[in-house]
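K.L.:
task: produce atomic coordinates for the following.
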Amino acid sequence: QLQLVESGGGLVQPGGSLRLSCAASGFTLGNYAIGWFRQAPGKEREGVSCISSRKGATNYVDSVKGRFTISRDNAKNTVYLQMNSLKPEDTAVYYCAASEFGLCTLYPGYEYWGQGTQVTVSS
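P.N.:
Numbers count the residues shown, from 1 in each chain. Alright, predicted model coming up:
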């Protein structure tokens, strides 16, 4: 059974950091493109970052460039999203998603989704 599980969310003060993890079971994460998305209350789901399956090409939404970094650890079958200099507007439920098509895209056309982890940035 193919499954994605996010972890690492929580409450952090503005300017702080969190590292989200997306662990896969039932498939080899390295063969899939992985995207991170977020959804704040009352807003549409937004693509935050992605990494392609082969070359590891990455992309970020403009609002997180220079602050967030996506990476992959194939040995652990896990993708990470390092989030630094967090702002209150980063508050959302964060989801990871996987696509066997392998292309990095910030559009939500991924086949497999995790359940999400809450990130709250507040003083």
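
K.L.:
from here on, contacts and neighbour counts on C-alpha atoms
P.N.:
Fine.

K.L.:
ok, and the closest non-adjacent residue to the spatially most central residue of the chain?
P.N.:
Centroid-nearest residue in the chain, with CA atoms, centre = their mean: residue 36, separated by 2.6 Å. Nearest-residue entry for residue 36: residue 96, 4.5 Å, with adjacent residues in sequence omitted and distances by CA to CA, 6 or more residues apart in numbering.

K.L.:
strands along the protein, start to end?
P.N.:
Remark: strands of the chain, listed N- to C-terminal, are 3-7, 10-12, 18-25, 33-39, 46-51, 58-60, 68-73, 78-83, 92-99, 112-113, 117-121; assignment by DSSP state E.

K.L.:
quick one, which of the ones you listed is nearest to residue 105?
P.N.:
Taking CA to CA, strand 46-51 is the member of these nearest to residue 105, at 6.2 Å.

K.L.:
strands paired with the closest one, and their directions?
P.N.:
For strand 46-51, the paired strands and their directions (DSSP bridges) are strand 33-39 (antiparallel), strand 58-60 (antiparallel).
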